[in-house]
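**Q** This is a predicted model, with the sequence first.
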Amino acid sequence: MNKGLKILIVVALVAVVAVVMLARREESASPPQAPNAVAGPLPRLVDLGSTTCIPCKMMAPILEEMKKECAGRLQVDVIDVAQDAAAANQYGVKLIPTQIFFDATGKERFRHEGFFSKEDILAKWEALGVDLSTAASTSVRAPAIKSGST
């Protein structure tokens, strides 16, 4: 094999290795995305739990209600770590359930472990500057009832 061909092969191999390394670096630099992530600049609540965990079971109806009530204002993703163990590592979960609050840019703003009531979730979003009150105003606060004569 002549010297020119050997140099060409080495250069080609170096180029392939560089492309692979660049692709891996770009992949690891992007923030973790939950399955079926909604496109667009929405704040996001990610809940990581399991169907066998009692506090997780208590969270399930709250999260489903929030998905419906906050559609278009908040992305709610529920991940079962028993079925997707890689997600637990990806998000650094130590205890379930874990709720992670991301702003619209994908930056983690708050993390909570354990059961978290709907009222507390909405209060935390409000404290973070995200107003979801129009999405959940009917179920979060009971209407004031005036006592006395009518």
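**A** Happy to help now that I have it.
**Q** can you list the domain ranges for this protein.
**A** Under the assignment automatic domain parsing, the domains of the chain span 1-30, 44-140.
**Q** mean confidence for the last one?
**A** Per-region confidence: domain 44-140 scores 91 on mean pLDDT.
**Q** could you pull out the helices for this protein?
**A** Along the chain, the segments classed as helices by DSSP state H run 3-29, 54-69, 85-90, 118-127, 133-140.
**Q** Check what contacts stretch 109-129 and list those residues.
**A** Stretch 109-129 is contacted from outside by 43, 45, 55, 58-59, 62, 65-66, 74, 94-103, 131-133, 136, 139-140, using Cβ atoms under 8 Å, 6 or more residues apart in numbering. Quick note: C-beta positions are derived from backbone N, CA and C, even for glycine.
**Q** 6 Å instead, please
**A** 55, 58, 62, 95, 98-101, 103, 132, 136, 140 (Cβ atoms under 6 Å, 6 or more residues apart in numbering).
**Q** Over to stretch 45-60?
**A** Contacts of stretch 45-60 (Cβ under 6 Å, 6+ apart): 34, 63, 76-82, 91, 93, 96-101, 115.
**Q** From those residues, list just the buried residues.
**A** 34, 63, 76-81, 91, 93, 96-101, 115 (16 or more other Cβ atoms under 10 Å).
**Q** Could you work out the end-to-end span of stretch 87-100 for me?
**A** 12 Å (Cα to Cα, to the nearest Å).
**Q** ugh, typo on my part, it should be stretch 44-57
**A** With Cα to Cα as the measure, stretch 44-57 spans 20 Å from end to end.
**Q** Buried ones in that stretch, by neighbour count?
**A** In terms of neighbour count (16+ other Cβ under 10 Å), stretch 44-57 has its buried residues at 44-50, 53, 56.
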